[in-house]
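S.K.: Pasting a predicted model and its sequence here:
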Amino acid sequence: MSSLVLLAAAETASSRLLVMRPVDYVIVAIYFAVVLAIGFYLKKFTNTGEDFFMAGRKMTAWIAGLSFISANLSSLETMGWSAMAYQYGMLGAHAYLISGALPILFLAVVMMPFYYICKTHSVPGYLSLRYGQGAASIAGVTFAILTVAVSGASMFAMAKILNLLLGWNMDVSIWVASLTVAIYVTLGGLVSAVFNEVLQFFLIWFGSLLIPILGLINAGGWTNMMAKIQENVKVIHPTVPGADFTSLWRNLGTFDNPMGIDWFGMVFGLGFAVGFAYWCTDFLQVQRVIVAKDLRAAQNGTIIGAVLKMCVPLIVTIPGLLGLAVLLNADGSPMVLVAENDVRANITHRTFNDVLPLLMGKYLSPGLLGLGITAMIAGFMSGMAGNISAFATVWTYDVYRPLIRRGASDHHYLTMGRWASLLGVLISIGTAYALFLFSNILEYLQVLIFFFIVPLFAVVLLGMLWKRCTPAAGFWAFLLGILLSISMWSYVHTFPDGYRPQPKIVLGPKTVVSIEKGTGAAAEKMSRVVVESGSIEATNVPFALGDGRASKTVENLIIKDHELSLPALVKGKGDTLLAVRVIAPEVTLVGAKEPVKFGEDGLALVLKPGVQVKGTEICQHFNPSQFNPDHAKVIARSEKAKPMAVNMYSGIWTFVFSVLVAVVVSLVTRPKPDKELANLVMGLTPRPDEGPCPWYQRPMLWAGLVFAVLVAINIIFW
Amino acid sequence: MDTEHQVPIWFFVGGTLSVYGVIIFGAGLYALVDPSQDANIAMRYLHADIWWGGFMALVGAFYTHRFFPWRKTDKHD
């Protein structure tokens, strides 16, 4: 890499990814004005607890369905799964098919009648009716905590993304978005959240759909895009040589695919355990459809959600695939995006998460870009509003009312709901700021929801389908399932022999360097970096101390008399050699004025006299962002299993374990009498007569059609 | 909840899409006059802002008209 290329790379990486014009700001401002206006307008319609928490139970199928999908279509989702498609290819679409549309259909056909007929206000509310207060309290408290924590994490991510993409101040992003959500949810409750989610649904689609349309035209159509992908991934993803990025199922016979998962893990892990658990028991989602005006509308609304879910890959998976095909460097070579933990991330290379913003910058002109940014903000806010309205309901009805103050008036609970909404936003803001200080908490938050939701699904499903399942079984299966899930997660992140992060050297700001390059075929590659002056911070790199000893821990050592050479490779566990990762976020080349940045693995360093050195040794026995491959193999059946596969297999084992516990405990404890299970369990839940129904409104007909389309999509893209 | 007198959500959707459509359509026309506005945009010869903005405005106008709150019609909210 020449100095000139280095300079260019530095300039590209430091500039903002997206530049907004005045018209774009006008579009964003209008959005905020409209959502606030809706909140103020709807306040007069929320006079009772039923209005505030359940939107009066008057939602039509279309509103319920659009809100159901919109609450889930956050920007973390769209950006995250676009990045997944860039990383995993077509396999990323499974999140919307076998793990999206299929569980939603199951919710509509099998579970919705129980939720709806028992007139519960929440999923913990169903547990309370079916199993008693024990399981419901665990679910209520856990869900309340998780909801605001996830909401805060989402807010932190939003502020960080807007800062990286547009240079917006993170404090302003957090407070403006949060207070807007706080105002419209506190004023109008669920109905306000749902109204805004419907509006946000349209904005997200209009703001996002143009990218795949223009991208596919640019790529020369679907077939050409796929051909380019298979060609480009050899350069973009060299660590998975020969992997098929263009199919849904063909490459799942073994673990040798971009996701490192086999068909069993995909079907029973991502599909059944995680997908069904998320869509059938996450109250944030379920709340959107149980407030429909009748059971038929609730079921049809859910089926509409399934159809829309199948369409989401158009604005998520295709942009990720387009990133592999149409994002090119100035010389026409494929642009390589890297993982966040890659040495080059945000230094010389953009990351996987940037794929969608890069395409926005490529295709969206002024005005359209404002709409795209609005779609992104709308996505964040709809997700947050969903979390806050769900938090207010669960807190008020499942924690405050049964555990703190029973028998108060409806007006009291309505007031509590409004305060809970406001409090939820404030706790979310607190969580977001906590993440500024302890960003590794994000690693925990992202998986917390899975600890809880898979055992919850096992318990709710058994509760609906098996009347012999006892209250004690529900409680213990739920609690022990959570504990097993946490145990497995801890196990795969535990390193009995110690985890030593890759040896790393970070060059300090204002450090002056000269770069030596290879010869022959490696003429463009850096071979050695000479640090002329400045400072370095090293981790797990041994320093020769001059008396024959070597130490990885040195405190503010200043190189004297002779230059010190640091090797490109250092000895690791056993006979392995580890490449030293050298990161230079902002250094100056000798004789140059402009700063440059680079990052490379396996680079030798020479430290000239006067250079200041700080060295530390890190050895961890637990690291939430690293998987112990020996332990991961126990969970996911293969040493080739990647993190996604490990998480999916953990979901499978948690579900199986929870069911087994529930069955065993049920056999030795006393079930509830049938009369207490009316409207809660299969066989004891008569379907209400909702009058005559024209054929085109029958849920089973549409569920069957949607299922057929789902099967067809899987066959077409096999 | 009194939904009889509630402005349908579809009216809000229609109004917002109409305003956005007109703004984006206008920005597209302006870019015709001043091409520097979208000089770095790929596929700009397709003038996506003009037809996408126009399409949004049409969809918005349909919803606004169809669900205009003071129009005597069936309830669709």
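M.R.: Looks like it came in fine. Numbering: from 1, shown residues only, chains lettered A, B, ... in the order given.
S.K.: near chain A, anything from the biggest helix by length in chain B?
M.R.: Looking across chain B with DSSP state H, the single longest helix is helix B:9-33. Yes: contact of helix B:9-33 with chain A (Cβ under 8 Å from any Cβ of the partner chain) involves B:9, B:12-13, B:15-17, B:19-20, B:23-24, B:26-28, B:31. To be clear about C-beta, it is placed using only N, CA and C from the backbone, and glycine gets the same treatment.
S.K.: Residue A:496 contacts residue A:621, correct?
M.R.: Yes: assessed by Cβ atoms under 8 Å, residue A:496 is found in contact with residue A:621 at 7.0 Å.
S.K.: give me the number of residues near residue A:163?
M.R.: When neighbours are defined as other Cβ atoms under 10 Å in any protein chain shown, residue A:163 has 16 of them.
S.K.: Please identify the nearest residue in space to it, excluding sequence neighbours.
M.R.: Closest residue in space to residue A:163, ignoring its immediate chain neighbours: residue A:170 at 5.0 Å, by Cβ to Cβ, 6 or more residues apart in numbering or on different chains.
S.K.: Just confirm that neighbour contacts residue A:158, I think it does.
M.R.: No: with contact defined as Cβ under 8 Å, residue A:170 and residue A:158 do not form a contacting pair (9.2 Å).
S.K.: which of these two has more neighbours?
M.R.: The residue with more neighbours, out of residue A:170 and residue A:158, is residue A:158; 27 against 19, by other Cβ under 10 Å.
S.K.: how about the nearest residue to that one, chain neighbours excluded?
M.R.: Nearest-residue entry for residue A:158: residue A:380, 4.2 Å, with adjacent residues in sequence omitted and distances by Cβ to Cβ, 6+ apart.
S.K.: if we can go back for a sec, buried residues in the longest helix of chain B?
M.R.: B:9-28, B:31 (16 or more other Cβ atoms under 10 Å in any protein chain shown).
S.K.: isn't there a strand covering residue A:242?
M.R.: No: if the criterion is DSSP: H, G, I helix; E, B strand; the rest coil, then residue A:242 is coil and not within a strand.
S.K.: circling back to that earlier point, what's the residue nearest to residue A:163 in contact with, if anything?
M.R.: A:159, A:160, A:162, A:163, A:436 (Cβ atoms under 8 Å, 6 or more residues apart in numbering or on different chains).
S.K.: Can you tell me how far it is from residue A:181?
M.R.: Noted for residue A:170: a distance of 17 Å to residue A:181, by Cβ to Cβ, to the nearest Å.
S.K.: Longest helix of chain A, counting residues only.
M.R.: Criterion DSSP H: the longest helix present in chain A is helix A:170-208.
S.K.: got a list of contacts for the following helix or strand past that one?
M.R.: Later in the chain than helix A:170-208, the nearest helix or strand by DSSP states H and E is helix A:210-219. With Cβ under 8 Å, 6+ apart as the contact definition, helix A:210-219 has outside contacts at A:222, A:225, A:228, A:314-315, A:318-319, A:322, A:325-326, A:356, A:359-360, A:363-364, A:368, A:372, B:42-43, B:46, B:48, B:52.
S.K.: Extract the C-alpha trace of helix A:210-219 and format it as PDB.
M.R.: C-alpha atoms of helix A:210-219 as PDB (Å, rounded to 0.1, in the frame of the first residue of the first chain):
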ATOM      1  CA  LEU A 210     -35.800   2.600  -3.800                       C
ATOM      2  CA  ILE A 211     -32.300   1.200  -2.800                       C
ATOM      3  CA  PRO A 212     -33.000  -2.400  -4.000                       C
ATOM      4  CA  ILE A 213     -34.900  -1.100  -7.100                       C
ATOM      5  CA  LEU A 214     -32.000   1.100  -8.200                       C
ATOM      6  CA  GLY A 215     -29.400  -1.400  -7.000                       C
ATOM      7  CA  LEU A 216     -30.800  -4.200  -9.100                       C
ATOM      8  CA  ILE A 217     -31.000  -2.000 -12.200                       C
ATOM      9  CA  ASN A 218     -27.400  -1.000 -11.500                       C
ATOM     10  CA  ALA A 219     -26.300  -4.700 -11.100                       C
END
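S.K.: my read: residue A:491 touches residue A:632, true?
M.R.: No: if you go by Cβ under 8 Å, residue A:491 and residue A:632 don't touch, sitting 9.0 Å apart.
S.K.: and the two? which has more neighbours close in?
M.R.: The neighbour comparison of residue A:491 against residue A:632 (other Cβ under 10 Å) goes to residue A:632, with 24 against 14.
S.K.: pretty sure the more buried one is touching residue A:641, no?
M.R.: Yes: with contact defined as Cβ under 8 Å, residue A:632 reaches residue A:641; the gap is 5.7 Å.
S.K.: tell me which residues in stretch A:227-237 are buried?
M.R.: Neighbour-count burial for stretch A:227-237, with 16+ other Cβ under 10 Å as criterion, is recorded at A:228, A:229, A:230, A:232, A:233, A:236, A:237.
S.K.: how about a markdown table for these, with distance to residue A:48 added?
M.R.: Listed next are the buried residues of stretch A:227-237 as a markdown table, based on distance: Cβ to Cβ, whole Å:
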| residue | distance to residue A:48 |
| --- | --- |
| A:228 | 57 |
| A:229 | 54 |
| A:230 | 59 |
| A:232 | 58 |
| A:233 | 57 |
| A:236 | 56 |
| A:237 | 55 |
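S.K.: ok, of those, which one's closest to chain B?
M.R.: residue A:228 (15.0 Å; Cβ to the nearest Cβ).
S.K.: what about that closest one, distance to residue A:336?
M.R.: For residue A:228, the distance to residue A:336 equals 14 Å [Cβ to Cβ].
S.K.: So residue A:525 is in contact with residue A:516, correct?
M.R.: No: the pair residue A:525 and residue A:516 does not pass the contact test of Cβ under 8 Å, sitting 10.4 Å apart.
S.K.: Close to chain B: what parts of the stretch 101-250 of chain A are there?
M.R.: Neighbours of chain B within the stretch 101-250 of chain A, by Cβ under 8 Å from any Cβ: A:191, A:194-195, A:198-199, A:202-203, A:206, A:210, A:213-214, A:217-218.
S.K.: ok, residue A:65 to residue B:11 distance?
M.R.: Residue A:65 is 19 Å from residue B:11, by Cβ to Cβ.
S.K.: which residues does residue A:386 contact?
M.R.: Applying Cβ under 8 Å, 6+ apart to residue A:386 gives the contacts A:71, A:72, A:193, A:197, A:284, A:288.
S.K.: try it again with 6 Å
M.R.: By Cβ atoms under 6 Å, 6 or more residues apart in numbering or on different chains, residue A:386 lies in contact with A:71, A:284.
S.K.: Flag every residue of the stretch 301-450 of chain A that's near chain B.
M.R.: Counting by Cβ under 6 Å from any Cβ of the partner chain, the stretch 301-450 of chain A comes close to chain B at A:362, A:363, A:365, A:366, A:367, A:368.
S.K.: and the two most separated of the residues you listed?
M.R.: Within those, A:362 and A:367 form the most distant pair, 15.6 Å apart (Cβ to Cβ).
S.K.: where does chain B dip in pLDDT?
M.R.: Flagging of chain B using pLDDT under 70 yields the residue ranges B:1-4, B:71-77.
S.K.: C-terminal to the helix or strand of chain A with the lowest mean pLDDT, what's the next element?
M.R.: Ranking every helix and strand in chain A by mean pLDDT, DSSP states H and E puts helix A:3-14 at the bottom, with a mean of 38. Once helix A:3-14 ends, the next helix or strand along the chain (criterion: DSSP H and E) is helix A:22-42.
S.K.: and the angle from that following helix to helix A:170-208?
M.R.: Orientation note: helix A:22-42 sits at an angle of 90 degrees relative to helix A:170-208 (axes from the mean of the first three to the mean of the last three Cα atoms, to 10 degrees).
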